[in-house]
Structure formats: C-alpha cells, structure tokens
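Q: With the input below, show me the fold.
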Amino acid sequence: MTTTPSPQGTANPFGPDVVAAITKHMNDDHPADNLLIVRGLGGKDTATSARMSGLDGLGADFVAVVDGAETDVRIPWERELTERREVRVEVVRLYNEACAALGIEPRQEGEH
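A: Prediction:
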C-alpha cells in the first residue's frame, strides 16, 4: 500500500483514494456532523460551516468558516488508526462526544 505524509510528517496509513472517499462521504452526506464536531470538539463554537479536508492515522482535518474566514481545525482520534474500518467508529465517537459537549441529543444509529 502507498502511504502519504500526514500533516505531522508521519506516514499516513490511508492512501489518497481512501482519504478522498471518506472526505467525500462526510462532506456530501454528513455536513451537519462535520459542523457539530468542529463546534463541539474543535474549539470553533461560532463556526457556520465545516468540511472534512483530510485525515490520517492520528486525526481528522477540517476547514471551518468562522467569522467569515476559513480556518483549519485538527481533531485527534482517541487512538492511532491503521485500518479504514476504524475511521467510521472514530467519526461516530467524535459526533457523539461533540453532541454531548454541545448539549445536543445525537441521532440514533441508522438515522441519516
């Protein structure tokens, strides 16, 4: 498998095709979740939008709009990830933690 450098300079266990597929899915199907994660866990509580811009084994990267300007936001995973299937589990965890931090009731599994 080909690896790409992560923002921290370590090898990314996820190739560009995997990163593109995951970010496309998050941005197309879960834009509200991206915003909740950035607001609740990224310290950008006034963000008006957010998109996932990348990810690696250590965390997810987002671009948020705060006060009309784009700003980069890095949210670390709970532990280092090495397999694609682990990403979904971590994103769901981030979503649930963000909802808790913001006092929002998370949707139930299977609700879209």
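
Q: mind listing the strands for this structure?
A: In the chain, the strands defined using DSSP state E lie at 4-5, 11-12, 49-55, 59-66, 69-76.

Q: worst average pLDDT in those?
A: Ranked by mean pLDDT, these bottom out at strand 4-5, which scores a mean of 42.

Q: which secondary element of the chain has the worst mean pLDDT?
A: Lowest on mean pLDDT, DSSP states H and E among the helices and strands of the chain sits strand 4-5, with a mean of 42.

Q: Nearest to the spatial middle of the protein, which residue is it?
A: Nearest to the geometric centre of the chain sits residue 60, at 4.4 Å (Cα atoms, centre = their mean).

Q: give me every residue that touches residue 67.
A: residue 46 (Cβ atoms under 8 Å, 6 or more residues apart in numbering). C-beta coordinates here come from the backbone N, C-alpha and C atoms, glycine included.

Q: Phi first, then psi, for it.
A: phi 50, psi 40 (degrees, to the nearest 10).

Q: okay, it: pLDDT?
A: Per-residue confidence at residue 67 stands at 96 (pLDDT).

Q: my guess is residue 26 meets residue 92, correct?
A: No - the pair residue 26 / residue 92 is not scored as a contact, 11.5 Å apart, by Cβ atoms under 8 Å.
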